[in-house]
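Enquirer: here's a sequence, model it:
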Amino acid sequence: MPSTSRKDVYIHGTRPGANTPFVTDSGTPISVNRVATLVEASDWKPGIAIRLISCFSGSSGAAADLARRLKTRVLAPTHSVSINPDGSFRFHGARKPKNPNAPNAPRGYEPRPPEGGWLEFDETGTLVGKIDQQGNWSAP
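Expert: Numbering: from 1, shown residues only. Presented below is the predicted three-dimensional model:
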């Protein structure tokens, strides 16, 4: 749900260790500085917190970098996340290859339970809190 006390920013995020923190739908790399410039050009006002709805952006360092660049708090997911029709969020588990040596092993990947939560960074990019999938906040 939108909030007047924060700005929601939606962008594709990449896994930790990737060459770029964000990508377009077509896979074109986008830097933290470019995202910051786009946020500044929007209806965002300095001092308003950002909820960065971008896979892995909490764990990749991108959210901390954005918090430092914009000098504002940023809340971001640690894993892959999608938005449900009701506006809530769903975390996805990583997929792992099925055991090809098991008897009658099916092909492809087997799903794993959902992983992830949210990390909150202050305006210096310092981790100040964690929110699990049930909405419980804790200090780092």
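Enquirer: now do the contacts for the nearest residue to Thr24 once chain neighbours are set aside.
Expert: Nearest non-adjacent residue to Thr24, counting by CB to CB, 6 or more residues apart in numbering: Ile30, 6.4 Å away. In short, each C-beta sits where N, CA and C put it, glycine included. Contacts for Ile30 (CB atoms under 8 Å, 6 or more residues apart in numbering) come out as Ile11, Thr20, Pro21, Phe22, Val23, Thr24.
Enquirer: among these, which two are most distant?
Expert: Pro21 and Thr24 (12.5 Å; CB to CB).
Enquirer: okay, those two: which has more neighbours?
Expert: Comparing Pro21 with Thr24 by neighbour count (other CB atoms under 10 Å), the higher total belongs to Pro21, at 26 against 10.
Enquirer: distance of that one from Asp43?
Expert: Plainly put, Pro21 is 23 Å away from Asp43 if you go by CB to CB, to the nearest Å.
Enquirer: kindly report the same for Gly87.
Expert: From Gly87 across to Asp43, the span is 19 Å (CB to CB).
Enquirer: what helix or strand is the nearest residue to Ser138 once chain neighbours are set aside on?
Expert: Nearest non-adjacent residue to Ser138, counting by CB to CB, 6+ apart: Lys130, 5.2 Å away. Using DSSP states H and E, Lys130 maps to strand 127-131.
Enquirer: flag every buried residue along that strand.
Expert: Lys130, Ile131 (16 or more other CB atoms under 10 Å).
Enquirer: the helix or strand following that strand pairs with which strands, and in what direction?
Expert: Later in the chain than strand 127-131, the nearest helix or strand by DSSP H and E is strand 137-138. Strand 137-138 pairs in its sheet with strand 127-131 (antiparallel), by DSSP bridges.
Enquirer: just the mean pLDDT for the partner strand, thanks.
Expert: Per-residue pLDDT over strand 127-131 has a mean of 94.
Enquirer: cool, and stretch 40-53?
Expert: On average, stretch 40-53 scores 95.
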